[in-house]
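Participant: Generate a structure from the sequence data that follows.
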Amino acid sequence: MDPLAPLESLLDTCRGDDLPLPPSLATLYGPLRFPAHEGRQHVIGNFVATLDGVASLSAPGLAGGGSVGGSNPHDRMIMGLLRSVADAVIVGAGTLRSVPNHLWTAEHIYPALSDSYRRLRSAMGKSDTPLNVVVTGRGGIDPALPVFRSGAVKALVVTTPEGADRIRKLGLSPAVVIREVKCAGAIGARAILSAIGRRIPTGGILLVEGGPLLMGDFLAGECLDELFLTIAPQVAGRDGSVGRPGFVAGKLFAPERPLWGTLSGVKRAGSHLFLRYAFPRHRPD
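Facilitator: Residues are numbered from 1 along each chain as shown. Got it, this is the predicted structure:
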């Protein structure tokens, strides 16, 4: 694999102390900062989308972000960086089905920088890997998947009481923790954060990697602090024959309640743009 060139930084207004990035990551990415919050975690999202706003091609074998971003190495490097600073990575059951053999660790997404990612986690006093959190209302998961069976990550399943009953019959390892959430309809973001909070220290970083329905829930619940959004230089198109969602689905905001982000970072590698937006965690009515 050819060595990566450093990202070109076009804007960086992010506040907070510089994280202790090893020299290799600091050279590639530049400074990385997150604001501190008293009494709660910092929640970030990470998505890739095409120029026309498609976040998933919704085709067999092409539902993940790799086909959208062209498996861009800088995008994967940033994904690894965000996972390396996260205490937990949150995905929905649909994302799990689209990449069933995935593990949500930095090393899995970009192995070339595994040592640097591990050094960063160690310098930040974090465990070996982030907690892998799977959100499923119905409990429709495959117990044979690596996230549940490999032992390489700690896994937490957030589900409804009905989903928990179904999952307990699957014979999962005792190391996989199940948290029940009582709710009417979809599991909301606040309930997810409450379930995770028992395992993650106050002041931790939580990373939401999708899918679009889960991201919609976090934005609707006013539970997202920041979004890291990669814009890939392709036009995917839509013809109505198959749903091709953006990075948000299942929620309608504009024109009644539009969500406006504040651009806080812009980086570039070739024709790919790497954007960072801040969102108000609790919007006024």
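
Participant: for residue 243, what are its contacts?
Facilitator: residue 58 (Cβ atoms under 8 Å, 6 or more residues apart in numbering). Heads up, the C-betas are built off the backbone N, CA and C, glycines and all.

Participant: let's go with 10 Å and repeat that
Facilitator: Contacts for residue 243 (Cβ atoms under 10 Å, 6 or more residues apart in numbering) come out as 56, 58, 212, 249.

Participant: who's in contact with the second one?
Facilitator: When contacts are counted by Cβ under 10 Å, 6+ apart, residue 58 touches 98, 236, 238, 241, 242, 243, 244, 245.

Participant: Weed out the non-buried ones from the contacts of residue 243.
Facilitator: Taking 16 or more other Cβ atoms under 10 Å as the criterion, what is buried in the contacts of residue 243 is 56, 58, 212, 249.

Participant: could those residues be laid out in a markdown table, adding distance to residue 80?
Facilitator: Shown next, in a markdown table, are the buried ones among the contacts of residue 243 (distance: Cβ to Cβ, whole Å):
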| residue | distance to residue 80 |
| --- | --- |
| 56 | 21 |
| 58 | 25 |
| 212 | 22 |
| 249 | 26 |
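
Participant: Quick check: which of these has the minimum pLDDT.
Facilitator: Ranked by pLDDT, these bottom out at residue 58 (83).

Participant: what about that one, which helix or strand?
Facilitator: In the assignment (DSSP states H and E), residue 58 maps to no helix and no strand.

Participant: if we can go back for a sec, tell me the one among the buried ones among the contacts of residue 243 nearest to residue 82.
Facilitator: Within those, proximity to residue 82 (Cβ to Cβ) peaks at residue 212, which comes in at 18.0 Å.

Participant: Could you find the closest non-adjacent residue to the closest one?
Facilitator: residue 249 (3.7 Å; Cβ to Cβ, 6 or more residues apart in numbering).

Participant: and the one you found, backbone torsions?
Facilitator: The phi/psi pair for residue 249 (degrees, to the nearest 10) reads phi -140, psi 160.

Participant: Return the residues in contact with it.
Facilitator: Contacts of residue 249 (Cβ under 10 Å, 6+ apart): 55, 56, 94, 210, 211, 212, 213, 214, 215, 216, 217, 243.

Participant: Tell me which two of the residues you listed sit farthest apart.
Facilitator: Spanning the widest gap among the contacts of residue 249 are 217 and 243, at 17.6 Å by Cβ to Cβ.

Participant: re the thing from before, list buried residues within the contacts of residue 58.
Facilitator: For the contacts of residue 58, buried by 16+ other Cβ under 10 Å: 98, 236, 244, 245.

Participant: which among the residues you listed gets closest to residue 180?
Facilitator: Looking across these and measuring by Cβ to Cβ, the closest to residue 180 is residue 98, at 25.1 Å.

Participant: picking up where we left off before, between the contacts of residue 58, which sits nearest residue 149?
Facilitator: Of all these, residue 149 sits closest to residue 98, with 18.5 Å by Cβ to Cβ.

Participant: Surely the closest one is in contact with residue 55?
Facilitator: No: contact criterion Cβ atoms under 10 Å: residue 98 and residue 55 do not qualify, at 11.5 Å.

Participant: in the stretch 101-250 of the chain, which spans are helices?
Facilitator: 106-109, 114-123, 146-149, 161-168, 189-197, 212-220 (DSSP state H, counting those that start in this stretch).

Participant: So for residue 178, which of those helices sits nearest?
Facilitator: helix 161-168 (5.3 Å).

Participant: Please work out which residues outside the closest one touch it.
Facilitator: By Cβ under 10 Å, 6+ apart, helix 161-168 touches 93, 134-141, 143, 148, 157-160, 176, 178-183, 187.

Participant: how close does residue 11 get to residue 30?
Facilitator: 11 Å (Cβ to Cβ, to the nearest Å).

Participant: Compare those two (neighbour count), which wins?
Facilitator: The residue with more neighbours, out of residue 11 and residue 30, is residue 30; 16 against 12, by other Cβ atoms under 10 Å.

Participant: Quick one: residues contacting the more buried one.
Facilitator: By Cβ under 10 Å, 6+ apart, the residues touching residue 30 are 6, 7, 8, 9, 12, 18, 21, 265, 267.

Participant: From the contact counts, what lies against the helix or strand harbouring the last one?
Facilitator: Which is residue 267. Counting by DSSP H and E, the element that carries residue 267 is strand 262-269. Helices and strands touching strand 262-269, by 3 or more Cβ pairs under 10 Å, 6 or more residues apart in numbering; DSSP states H and E, are strand 8-12, helix 73-85, strand 226-232, strand 272-278.
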